[in-house]
Every structure is written in structure tokens, then in C-alpha cells.
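**Student:** I would like to see how this sequence folds:
(2 chains)
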Amino acid sequence: MKVEVCEVGLGRYKLEILGLPCPYPTLYTIKTLEEIREGEVLEVIFDNQPSTKTIQEAVIERGHEVLSVERLNEALWRIVIKKTSSRK
Amino acid sequence: MGKYALGYEQGNGSTYFLRIKIVAGILKIDQARIIAELSQKYGRDYLEVTTRQDIQLHWIKDEDAPSIFSKLEEAGLCTDMCGQYYPKAGYGDVRNIVTCPLTGIQPHEIIETSSIVKKAVEMFTGRKEYLDLPRKFKIGVSSCPINCIKPEVNDLALVAVESEHGLGFTPLVGGSLGFPPSLAQPLNVFVPLDEVLEFIRAVVEVYRDHGLRDRKATARFKWLIREVGLNMVKELIQEKMSKSFQYLDCSKISLEWGEHNIISQEKDPRLYSLMVPTFTGILNVNQFKKIIEIAERYSDEIRVSPAQKLVLVHIPEDELMKVKEELKTLGLDSEQPSIKIRTRACPSDFCGKSFESSKKRATTLLDYLINKFGKDLEKLDVSISISGCPNSCSQHIVSDIGLQSTTISKNGVSIPCFNLYVRGRESKISKLLIRNIPSEQVSLVIEDILRKFMNSGLTDFHEFADRLLEGDFIHEGRSM
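**Tutor:** Modelled structure (predicted):
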């Protein structure tokens, strides 16, 4: 199990959530979005398949923008999100 | 983390379910109240009792999970880790350990199992080293003479024995009902009572360390046993424990399966247990709250049975009628044909893997049979289980009559159907009798089968099933 956030560029962060079932990938994504500034970008890497759907739903519901959804390999996904709202 | 999770689902407008483990099937009254509160606040007043002695809620929202998990922690409850959606093998956990719901209070058990189960659950719950098994791992500890938990459906089953070596268990390994179904096989050894926890830990660790992780589809324990053989698995367990087991011939142990009666006399002969006939495990929160009120008049707990039922305990004989009446007013009438009480169904309407609601199908079917057979239905001692897919969550593949939802395509249109299985005498795994029965014909087909059974002069359904299976009944659609 791994949960790790790091800054990967100016205004760009990476959250890795591996081995954690629902709802943790979604909850960690929301929590991390709350901690970064509007306009900044969060890249979420995860291996729990349903989170491809639930993270997007939660993010859109809170007014943020999903920039891309990508399957990196058989068991890994990446969602890139732009924080565009301060709504919790 | 590691003790709580939500399961993902895609049916009935629900995204997440909460599967609360009821450890050893013993639910304390204050815990029950908290579950009722959670159902009311987050789960649309709905509850389900599962075949692994869990209580399941649906329509849970992710943002409510932290509050729900704190409540559960406060109550001393935990959940499955529900890691079935990882595309690869891994992140499997030990699921709720099933045991006889009447352990400790029923007069004929060999060993009281609740303390063993509680300690085993503590051994694995929230422990990082047991949260990345190749897949889920199911354990059953059987101590009642009728093996009500169906031990061999588990990855590891421990059956209580009183042998020449003393009091203890004999283990069976490699059961799993998902395709292809297999029953746990005996290791033919004796595990002394004081070593059983160490033994359970050793088996789980053997699975963790040696289980096949190449493909998810072949990661369950049964596949390791197929790959290396029972003897090797036994050796690995012995190595883990640094000891050799004494031989015990399992063929002399009764592994017959049965189900407890609606009313069972307890160890204290003045007291009785009463099964609450929750049809296919469904309850609404008002029923549940009323059951809690009734239960606490007699005890500080409610038992949860793997037959998707609740059990009220410690009721004095002269109160039984009153309690039965109270349950009847809640729509939980125990004076129903046993075929209805024994019917099980999976929550396929929630999981999204099926084209049919198994629980609704069960209602339609049983209403139809009651209407057609009337009082005659009471003579039938037959179990029916309905699953939405081959994963056999209702255990349809070991039921007397099993139905599994499927579809066929006709002119580009999907038609919901069922495959029908019956269990003969040769094996506890049922065999396919008829495939692709259109859903609307299922009730008629089962009526046919039951009528033929009634007219056969046979009393054992398994013997009758053998006759059905000998005939030319495996074909498309209905033509019996």
C-alpha cells in the first residue's frame, strides 16, 4: 500500500495511491485538491479500477476540470486534474 | 486504514456498498443499533444479511465513508477490504470467518468456536502483512454436527473433531464456488485445539507466499493446490509451523450438511433460539430496529447466520409464541414452507454483473410456488439458491436447485435466461440440468421439477436429482 504526494513541476503535483480500495483513491484525491491552489494541476496515479470513474465524478461534482484519463498499463491509471474551484 | 473499505457496485443507483463483518456471527445489541443508525442515515433504510454472516448496506457515498468508518471503529466493527476490482492478482484479504450461528449455546457442538474466530479475525484485521494476499481468502470453522456453514465451500475449512488424539480440528483446503467450482479437500491431519490459530495463520501465510500471482483468474488457493498438489501444500504448512501433524482419516468424519431449525433448544434446556426468517437476507431498518428491541428482552446479542438469517437467542419456551407473533406482524412469518425459508439469493441487482435481480426473482418464484402448491409445498425439504453470475454468491452451485442468471442473444436482442442446476448424491456440487431457460419460464420449470419429485415416491431430492440428471434434460430451453 502506498499513498504519496510530491511536487513534480511548477504548480504540478503527483499523488500515487497504490493498493488501496474504494473509497480511498477518491478521498485522497479530494483532500489533495483542497491543499493545492486554484489553477494548479494534480496528477493521480492509482491501481483500483473503479476509481477511474469515481475520481472523475467526485472531481467534476466539485467543479474541477479533468484534463485527461489514461491507462498506463494493465493495472495502472492516471487522471490529470486542474483545480478550478475552491469548492469542497 | 486496512480495516475499513467500501465495495464498488453499479446497480440500483448505488456506487458503493458497506459490508460489515459480524465476527463469529455474534452481533451485540449496541453494535446492531449503530448498524441501524448507519442504514437509516446513509443506506436508505435497507439492510442485507449475507451468506458470510456480514450485514451489508448500499447507496453509501464516498464522502460519508470517514464518518461511517469512525462509527464502526467505535462499535468494534470492521469491514471486508473488497479488493476485487484490481485487474491483477493481489491485495486480497481474509474475508469474514464463518461459523455456526449457534456456537456456544447449542447443546451438541464439540468445540465452542466464537473465541477462536474472534482471535483469528484479530490476527488478520488491519495487519499489513495480510492485506496483499493473491486474492480473497475464505475461512470456515465448523463445530455443529450438521456442518451448517457448508465447510468445504471455503478456501480453508476447520471441522471440529473429538479423536483419539484429543479435541481439535481437521482441516480441508481449496474450496471456492466461483468458476470452476471446487470443494475443499481433506488434508487428513489432526490440528490440536491449542494450535488451531497458529495453523490458520500458517495456511494464510502459505497462500500469501506461494499463491499464484500471474493471473487474477487463477490466483485463488484452489489453483495453488491444483498446481503443486495437496501433499506439497501440507508440507509447506508443516514447514511454516515447524512441526508434523498427526494423521487423521477424514473419511470417518461426518461432513453431511444440514440447516438449523427455526426453533432450536439451547444448552440450557429452558431456553430457545428462534430464527428470524429474513427472506433472502433482506430487512428494512424498521424491522431491524424492532428485532433489536425483541432481542434485548432476552439477551445482549443477535446471531447472524450464513443462511442469510438473523437468530434471536435465550428465549424462554413460554415466550416463543409471543415472539413469533411479533415477528409475524413485522412481515417475518416463521410459519412458512421450509423451501421459502431456505431460499437464498445474491444481491445481483446491486453488483451490476447480472441482467436480473436474484432477490426479486426469488420472490416471484416462491410466490408462484406457494400459489400453485398451497399446503403441499410444506412437505418439500428442498433448497433453492439464485445467483446473478457464475461467482455463486448465493451458493447456487451447492444448492438442491440452483439458478444462475445468464442471457442469450436472439436477432441481436439479449434475452434474460437462467441455467438450472440440481444436486445429486454423488457430489455436493450441483450439475447443469437445463441451460438458457427464459426468465419468464423459470417458475414453470421449477414447478414441473417439484411436481415430478412429489409424484416420484422418493423422499430424498438428491436421489431424484440423480434420476433427472440421468435423463436427457441438458438442453436449450424448457422441454421437460
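**Student:** and the closest residue to residue B:43 other than its chain neighbours, what is it in contact with?
**Tutor:** In this structure, residue B:43 finds its nearest non-sequential neighbour in residue B:57, 3.6 Å apart by C-beta to C-beta, 6 or more residues apart in numbering or on different chains. C-beta coordinates here come from the backbone N, C-alpha and C atoms, glycine included. With contacts defined as C-beta atoms under 8 Å, 6 or more residues apart in numbering or on different chains, the neighbours of residue B:57 are B:17-18, B:20, B:35, B:38-39, B:42-43, B:46-48.
**Student:** Out of those residues, list just those in helices.
**Tutor:** Secondary structure from DSSP state H places B:35, B:38-39, B:42 of the contacts of residue B:57 in helices.
**Student:** which among these gets closest to chain A?
**Tutor:** Nearest to chain A among the ones in helices among the contacts of residue B:57 is residue B:42, at 12.4 Å by C-beta to the nearest C-beta.
**Student:** State the distance from that closest one to residue B:439.
**Tutor:** To residue B:439, residue B:42 is 32 Å away according to C-beta to C-beta, to the nearest Å.
**Student:** how much space between residue B:283 and chain A?
**Tutor:** Residue B:283 sits 24 Å away from chain A, taking C-beta to the nearest C-beta, to the nearest Å as the criterion.
**Student:** Would you mind giving me the confidence score for that residue?
**Tutor:** Per-residue confidence for residue B:283 comes out at a pLDDT of 97.
**Student:** Just give the number of residues close to the nearest residue to residue B:330 once chain neighbours are set aside.
**Tutor:** Leaving aside its sequence neighbours, residue B:330 sits nearest to residue B:287 (C-beta to C-beta, 6+ apart; 4.8 Å). Burial of residue B:287, expressed as a neighbour count using other C-beta atoms under 10 Å in any protein chain shown, amounts to 20.
**Student:** residue contacts, residue B:287?
**Tutor:** Residues in contact with residue B:287, defined by C-beta under 8 Å, 6+ apart, are B:330-332.
**Student:** following the host helix or strand of the residue nearest to residue B:43, which helix or strand shows up next?
**Tutor:** Using DSSP states H and E, residue B:57 falls within strand B:54-60. The C-terminal neighbour of strand B:54-60 among helices and strands, as given by DSSP H and E, is helix B:65-75.
**Student:** what about that following helix, average pLDDT?
**Tutor:** Across helix B:65-75, pLDDT averages out at 98.
**Student:** Given the next helix or strand after that helix, what are its sheet partners and their directions?
**Tutor:** Following the chain from helix B:65-75 toward its C-terminal end, the next helix or strand by DSSP H and E is strand B:78-79. Strands adjacent to strand B:78-79 in the sheet, as given by DSSP bridges, are strand B:14-21 (antiparallel).
**Student:** Could you pull out the strands in the stretch 301-450 of chain B for me?
**Tutor:** B:301-305, B:309-316, B:344-345, B:384-387, B:401-410, B:413-422, B:431-438 (DSSP state E, counting those that start in this stretch).
**Student:** Quick check: most distant residue from the centroid of chain A.
**Tutor:** Within chain A, the residue lying farthest from the chain centre (C-alpha atoms, centre = their mean) is residue A:74, at 18.6 Å.
**Student:** Isn't it up against residue B:88?
**Tutor:** Yes. Taking contact to mean C-beta atoms under 8 Å, the distance of 6.7 Å between residue A:74 and residue B:88 places them in contact.
**Student:** ok and the residue in the stretch 351-480 of chain B nearest chain A?
**Tutor:** Checked against chain A (C-beta to the nearest C-beta), the nearest residue in the stretch 351-480 of chain B is residue B:352, 10.8 Å away.
**Student:** how far away is that residue from residue B:439?
**Tutor:** Between residue B:352 and residue B:439 the computed distance is 18 Å (C-beta to C-beta).
**Student:** So those two - more neighbours on which side?
**Tutor:** residue B:439 (18 against 13).
**Student:** how about residue A:48, what does it touch?
**Tutor:** A:17, A:20-22, A:24-25, B:83, B:85-86.
**Student:** Can you tell me the SS state at it?
**Tutor:** Classification of residue A:48 by DSSP: H, G, I helix; E, B strand; the rest coil places it in coil.
**Student:** Out of the strands of the stretch 301-450 of chain B, flag the one nearest residue B:140.
**Tutor:** Smallest distance to residue B:140 across those (C-beta to C-beta): 13.0 Å, for strand B:301-305.
**Student:** Which elements pack onto the closest one?
**Tutor:** Using 3 or more C-beta pairs under 8 Å, 6 or more residues apart in numbering or on different chains; DSSP states H and E, the elements in contact with strand B:301-305 are strand B:26-28, helix B:29-42, helix B:285-295, strand B:309-316.
**Student:** Give me whichever of the ones you listed is most buried.
**Tutor:** Mean neighbour counts were compared across the helices and strands packed on strand B:301-305 using mean count of other C-beta atoms under 10 Å in any protein chain shown; the top stretch is strand B:309-316, at a mean of 22.
**Student:** can you list the residues of chain B near chain A?
**Tutor:** Within chain B, the positions near chain A by C-beta under 8 Å from any C-beta of the partner chain are B:1-2, B:5-8, B:15-16, B:62-63, B:65-66, B:81-83, B:85-88, B:90-91, B:128, B:131-132.
**Student:** What about those residues, which are in helices?
**Tutor:** Counted as lying in helices by DSSP H, out of the residues of chain B next to chain A, are B:65-66.
**Student:** Which among the residues of chain B next to chain A count as buried?
**Tutor:** For these, a burial check counting by 16 or more other C-beta atoms under 10 Å in any protein chain shown picks out B:5-8, B:15-16, B:62, B:65, B:81-83, B:85-86, B:88, B:90-91, B:131-132.
**Student:** returning to that earlier point: out of the contacts of residue A:48, the closest to residue B:200 would be?
**Tutor:** Nearest to residue B:200 among the contacts of residue A:48, counting by C-beta to C-beta, is residue B:83 at 20.3 Å.
**Student:** if you skip the residues just before and after it, what's nearest to the closest one?
**Tutor:** Using C-beta to C-beta, 6+ apart and skipping the chain neighbours, the partner closest in space to residue B:83 is residue B:91 (4.0 Å).
**Student:** before we move on, what about residue B:311?
**Tutor:** When the adjacent residues along the chain are set aside, residue B:311 lies closest to residue B:303, with 3.8 Å between them (C-beta to C-beta, 6+ apart).
**Student:** Can you show me the strands along chain A?
**Tutor:** Secondary structure of chain A by DSSP state E: the strands cover A:2-9, A:12-18, A:41-46, A:65-73, A:76-82.
**Student:** mind putting these in JSON lines, mean pLDDT and distance to chain B included?
**Tutor:** JSON lines is the format used below for those (pLDDT from 0 to 100; distance: least, C-beta to the nearest C-beta, whole Å):
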{"stretch": "strand A:2-9", "mean pLDDT": "94", "distance to chain B": "9"}
{"stretch": "strand A:12-18", "mean pLDDT": "97", "distance to chain B": "9"}
{"stretch": "strand A:41-46", "mean pLDDT": "98", "distance to chain B": "10"}
{"stretch": "strand A:65-73", "mean pLDDT": "96", "distance to chain B": "9"}
{"stretch": "strand A:76-82", "mean pLDDT": "97", "distance to chain B": "9"}
